[in-house]
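Q: Okay, here's the prediction I keep looking at, along with the sequence it came from:
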Amino acid sequence: MGTHAAASSDHLAGWMARQYALSAKAMLGAISRTDIVKERRGFGRILRPAKGSIVASPVLASYDPDPDYFFHWLRDSAVIIDALRRLIASGEVDARQGLEIFRDFLTFSLAVASLDGRAFLEEAGDFRSKVEPHFLQFVRPDSDIREIAGDNVLGEPRFDPDGSLDILKWSRPQHDGPALRALTVVKFCSSAMVDANTLTLAKQLLLRDLAFTLERWRMPSFDIWEEELGRHYYTQLVQGEALAQGSRWLETIGQGETAQACREGAREIEAQLQEFWSETQGFYRSRIGGDGEKELDIATLLAVLHAGRRDGPHSVSDGKTLATLARLEDLFASLYKINKEAPANRAPAMGRYANDRYYSGGAYYFSTLGAAEFYYRAAAARCAEPSHDEDHAISFDALFRRGDMFMATVAAFTPESGDLSEQFDQVTGAQTSAKNLAWSHAAFISACASRADALSAFGPGGSAP
């Protein structure tokens with residue numbers, strides 16, 4: 001590729017190729033883990049995951065000190081299934097095996113979408129008698145469980161991986177999961193690998209997820225970090241994109257009236273998204289109202305990636321989004337000791353927001369990988385623009401190099417085993433919080449795939465890692 005730096009050092013490219021296989025294995029190890037039995041001590045729960053479920057982390061923990069992530073989150077599972085699609089496209093996962101995983105995921109998702117809290121209370125009887133006294137304070141009240149009826153179940157952020165309701169108190173409702181899942185399912189079904197039976201399952205789930213999104217997008221929900229009820233950029237952007245893409249899919253199955261309603265909803269959301277831009281601060285705010293300290297938040301970047309926007313507002317080509325990312329880079333470069341001591345060929349390790357207090361409050365693998373993926377996607381989008389002069393090539397080069405610099409940061413804090421936890425400490429770089437987080441591995445796979453896409457978009461001479 002001439003003098004531009006679309007290929008990074010042989011060392012970095014070699015590491016990415018090796019880590020790609022390790023992350024693929026680790027991520028797949030979170031899916032359909034029917035071989036694991038989890039005892040949630042204190043709550044009287046013994047869980048064996050059902051086929052098609054995806055645990056956020058298959059490493060058993062009970063806040064001892066690592067968090068208990070042995071749940072099927074709607075958000076995490078959608079991100080992981082989208083990464084599975086990438087693994088199939090790259091040949092890392094056999095198409096037949098990948099389709100079976102996807103079909104199991106659809107079946108499981110439809111099953112939990114039909115759960116009813118009232119039926120649970122009738123069948124479970126006095127389930128609190130199995131809960132130790134100290135743990136009763138963490139159990140949801142019956143009135144809360146009873147409200148899980150009809151489409152309210154889609155506002156549940158997570159389920160036990162055996163396919164039952166989560167009985168623990170948590171931040172509810174969360175409305176981004178069904179929208180994100182709809183985006184993932186639409187992309188998967190657009191591929192040639194999906195057969196008629198799988199499409200039937202996908203159609204059932206899509207109709208439910210789109211109907212829920214269309215009905216609930218105006219309502220407040222908890223944010224992506226499950227910390228604050230309100231109006232959030234991430235939630236609204238993925239909802240708007242789900243309705244926009246869903247409307248096109250609905251047209252193909254002859255549901256023109258619902259498609260029109262989705263288009264109108266998408267347009268309304270698009271107009272409201274402009275309110276998140278702060279001219280005085282120079283970035284997209286992650287929320288309207290709420291904790292001002294969290295306004296500059298990596299969630300805005302992840303929203304653009306998960307929505308899959310390539311051009312226009314709220315995309316990888318949007319100057320305002322680039323400005324937001326630049327502000328985030330400056331924030332974490334100044335906050336974390338590991339960034340202050342980093343060599344010049346590495347970009348800053350990225351966290352969530354300033355003064356994060358969750359576990360080490362440090363850098364996140366999926367945040368840092370998200371920045372890498374953003375720059376790779378921006379580079380690919382630059383190639384799709386009409387200009388192909390020298391300045392255009394230099395712009396591609398700069399974007400691509402920046403993506404590789406974030407990859408180099410991830411490489412610096414990844415052990416030989418290839419394990420990726422949720423966080424790595426802002427002072428020591430040691431892995432913290434949940435071990436082998438499936439989302440972290442999915443983020444690596446997606447970043448690598450986007451890098452390969454950028455090389456392909458540039459033209460002959462590029463090669464994927």
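A: Nice, I can see it. Residues are numbered from 1 along each chain as shown.
Q: just for the stretch 151-300 of the chain, where's the confidence low?
A: Regions of the stretch 151-300 of the chain meeting the criterion pLDDT under 70 are absent.
Q: what's the neighbour count on residue 258?
A: The number of residues packed near residue 258 is 18, by other C-beta atoms under 10 Å. Placement of C-beta: from N, CA and C, glycine included.
Q: For it, which non-adjacent residue is closest in space?
A: The shortest distance from residue 258 to any non-neighbouring residue, by C-beta to C-beta, 6 or more residues apart in numbering, is to residue 250 (5.3 Å).
Q: what sits against the one you found?
A: Contacts for residue 250 (C-beta atoms under 8 Å, 6 or more residues apart in numbering) come out as 210, 256, 258, 259, 262.
Q: thought residue 302 was touching residue 234?
A: Yes: with contact defined as C-beta atoms under 8 Å, residue 302 reaches residue 234; the gap is 6.4 Å.
Q: Now list whatever residues contact both of the two.
A: With C-beta under 8 Å, 6+ apart, residue 302 and residue 234 have common neighbours residue 224.
Q: Let me know how buried residue 74 is, in neighbour terms.
A: Using other C-beta under 10 Å, residue 74 has 25 other residues around it.
Q: contacting residues around it?
A: 154, 156, 157, 158, 174, 177, 178, 180, 181.
Q: Spatially central residue for the protein, please.
A: In the chain, the residue lying closest to the centroid (C-alpha atoms, centre = their mean) is residue 79, at 4.3 Å.
Q: If we ignore the residues flanking it in sequence, what's nearest that one?
A: Here the residue nearest residue 79, using C-beta to C-beta, 6+ apart, is residue 442, at 5.1 Å.
Q: mind checking how far the one you found is from residue 212?
A: Distance of residue 442 to residue 212, computed by C-beta to C-beta, to the nearest Å: 23 Å.
Q: who has more neighbours, these two?
A: Higher neighbour count among residue 442 and residue 212: residue 442, with 30 against 24, using other C-beta under 10 Å.
Q: need the contact list for that one.
A: Contacts of residue 442 by C-beta under 8 Å, 6+ apart are 23, 27, 79, 80, 82, 83, 366.
Q: Kindly report the same for residue 193.
A: Contacts for residue 193 (C-beta under 8 Å, 6+ apart) come out as 88, 95, 98, 99.
Q: just the strands in the stretch 101-250 of the chain please.
A: 158-159, 221-222, 229-232 (DSSP state E, counting those that start in this stretch).
Q: what residues are up against the nearest residue to residue 430 once chain neighbours are set aside?
A: Closest residue to residue 430 apart from its sequence neighbours, by C-beta to C-beta, 6+ apart: residue 424 at 6.6 Å. Listed by C-beta under 8 Å, 6+ apart, the contact partners of residue 424 are 338, 349, 360, 362, 363, 364, 365, 413, 430, 431, 432.
Q: and which of the residues you listed is nearest to residue 294?
A: Of all the contacts of residue 424, residue 294 sits closest to residue 364, with 14.5 Å by C-beta to C-beta.
Q: Tell me the pLDDT of the closest residue to that closest one other than its chain neighbours.
A: Among residues not flanking residue 364 along the chain, residue 423 sits closest, at 5.4 Å (C-beta to C-beta, 6+ apart). If you check residue 423, the pLDDT there is 98.
Q: for residue 328, helix, strand, or coil?
A: Put simply, residue 328 is helix when judged by DSSP: H, G, I helix; E, B strand; the rest coil.
Q: er, residue 446 actually
A: Per three-state DSSP, the local secondary structure of residue 446 is helix.
Q: Pull the number of nearby residues for residue 344.
A: 5.
Q: Return the residues in contact with it.
A: So residue 344 contacts nothing (C-beta under 8 Å, 6+ apart).
Q: next one: residue 454
A: Contact partners of residue 454, counting by C-beta under 8 Å, 6+ apart, are 6, 376, 377, 379, 380, 383, 396, 400, 403, 462.
Q: Turn the residues you listed into JSON lines, columns for secondary structure, neighbour count and distance to residue 284.
A: Formatted as JSON lines, those follow (DSSP: H, G, I helix; E, B strand; the rest coil; neighbours: other C-beta atoms under 10 Å; distance: C-beta to C-beta, whole Å):
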{"residue": "6", "secondary structure": "coil", "neighbour count": "21", "distance to residue 284": "29"}
{"residue": "376", "secondary structure": "helix", "neighbour count": "29", "distance to residue 284": "20"}
{"residue": "377", "secondary structure": "helix", "neighbour count": "27", "distance to residue 284": "17"}
{"residue": "379", "secondary structure": "helix", "neighbour count": "27", "distance to residue 284": "21"}
{"residue": "380", "secondary structure": "helix", "neighbour count": "23", "distance to residue 284": "21"}
{"residue": "383", "secondary structure": "helix", "neighbour count": "19", "distance to residue 284": "25"}
{"residue": "396", "secondary structure": "helix", "neighbour count": "25", "distance to residue 284": "24"}
{"residue": "400", "secondary structure": "helix", "neighbour count": "27", "distance to residue 284": "23"}
{"residue": "403", "secondary structure": "helix", "neighbour count": "26", "distance to residue 284": "20"}
{"residue": "462", "secondary structure": "coil", "neighbour count": "17", "distance to residue 284": "31"}
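Q: I figured residue 177 hits residue 75, correct?
A: Yes: with contact defined as C-beta under 8 Å, residue 177 reaches residue 75; the gap is 5.0 Å.
Q: Compare those two (neighbour count), which wins?
A: Remark: of residue 177 and residue 75, residue 177 carries more neighbours, 27 against 23, as counted by other C-beta under 10 Å.
Q: now the closest residue to that one other than its chain neighbours: how far from residue 251?
A: Counting by C-beta to C-beta, 6+ apart, residue 74 is the residue found nearest to residue 177 once chain neighbours are left out, at 2.8 Å. Residue 74 sits at a distance of 26 Å from residue 251 (criterion: C-beta to C-beta).
Q: now swap in residue 46 and tell me
A: Note on residue 46: its distance to residue 251, by C-beta to C-beta, is 46 Å.
Q: Show me which of those two is the more surrounded one.
A: Taking other C-beta under 10 Å, residue 46 and residue 251 do not tie; residue 251 has more neighbours (15 against 11).
Q: The more buried one - that's part of a strand, no?
A: No: going by three-state DSSP, the assignment for residue 251 is helix, not a strand.
Q: what's the burial count for residue 264?
A: Residue 264, neighbours per other C-beta under 10 Å, totals 13.
Q: State the distance from it to residue 190.
A: Here residue 264 is placed at a distance of 23 Å from residue 190 (C-beta to C-beta).
Q: Could you check the pLDDT of the closest residue to residue 27 other than its chain neighbours?
A: Spatially, and ignoring its direct neighbours in sequence, residue 27 is nearest to residue 441 (4.0 Å; C-beta to C-beta, 6+ apart). Per-residue pLDDT puts residue 441 at 98.
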